[in-house]
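Participant: no sequence on this one, just coordinates:
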C-alpha cells in the first residue's frame, strides 16, 4: 500500500505541476500563448477560461477526498490534452515534437490508475 501511495503522489504531483505550468501563461494571456491559440483558430476569450479550468482541475486532483470531483477533474484535464494535441495536428500536421505530449498523457494516466488503486477497498 505504501508503494502505491508513493507512486500515486509522484505521478499526481508531476501531472498537476505540468498542468499548472501550462495554465499560468493562459491566465496571464502572454503574447506567445495568445499567438499560438489564435493560430489554432480559437478565440482569445477562451484562453483565460482554459487556464483557470486547468488550475482548478490540478488543485482538485491534489486534494484528498472528493471522488466525484476528481473524476471530473481527470476527465477535464484529459480532454484538454487531447484537444490540444488534436488541434495542433489539424492545423500544423504531424510533427516529431508532438511526441512530447506522451509525457503528460502518461503522467495523467498513471496518476488516474494509482488513484483508483488507492480507492479500492483493501
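Facilitator: Everything's here; your move. Owing to the predicted nature of the structure, the values given are computational and were not obtained by experimental measurement.
Participant: From now on I want contacts and neighbour counts done on CA atoms only, so please keep to that.
Facilitator: Noted.
Participant: in stretch 31-51, what counts as buried?
Facilitator: In terms of neighbour count (16 or more other Cα atoms under 10 Å), stretch 31-51 has its buried residues at 33-34, 37, 40, 47-48, 50-51.
Participant: and stretch 58-71, how far apart are its ends?
Facilitator: Stretch 58-71 has an end-to-end distance of 12 Å (Cα to Cα, to the nearest Å).
Participant: typo on my end, stretch 24-44
Facilitator: Taking Cα to Cα, stretch 24-44 runs 15 Å from one end to the other.
Participant: Once you drop chain neighbours, what's closest to residue 24?
Facilitator: Setting aside the residues directly before and after it, residue 24 is nearest to residue 51 in space (Cα to Cα, 6 or more residues apart in numbering), at 6.5 Å.
Participant: for the one you found, what are its contacts?
Facilitator: 22-27 (Cα atoms under 8 Å, 6 or more residues apart in numbering).
Participant: which among those gets closest to residue 98?
Facilitator: Using Cα to Cα, residue 22 is the member of these that sits closest to residue 98, with 15.3 Å.
Participant: SS state for the closest one?
Facilitator: Using DSSP: H, G, I helix; E, B strand; the rest coil as the criterion, the local structure at residue 22 reads helix.
Participant: so which helix or strand takes in residue 55?
Facilitator: Take DSSP states H and E as the rule and residue 55 turns out to sit in helix 46-62.
Participant: In contact with residue 4: list those residues for me.
Facilitator: Here residue 4 is in contact with 114, 117-118 (criterion: Cα under 8 Å, 6+ apart).
Participant: For the residue positioned nearest the centre of the chain, give its distance to residue 50.
Facilitator: Among the residues of the chain, the one closest to the centroid is residue 77, at 4.0 Å (Cα atoms, centre = their mean). For residue 77, the distance to residue 50 equals 10 Å [Cα to Cα].
Participant: who does the helix or strand containing residue 86 touch, helix- and strand-wise?
Facilitator: Here residue 86, judged by DSSP H and E, is contained in helix 67-92. On a contact count with 3 or more Cα pairs under 8 Å, 6 or more residues apart in numbering; DSSP states H and E, helix 67-92 meets helix 46-62, helix 102-119.
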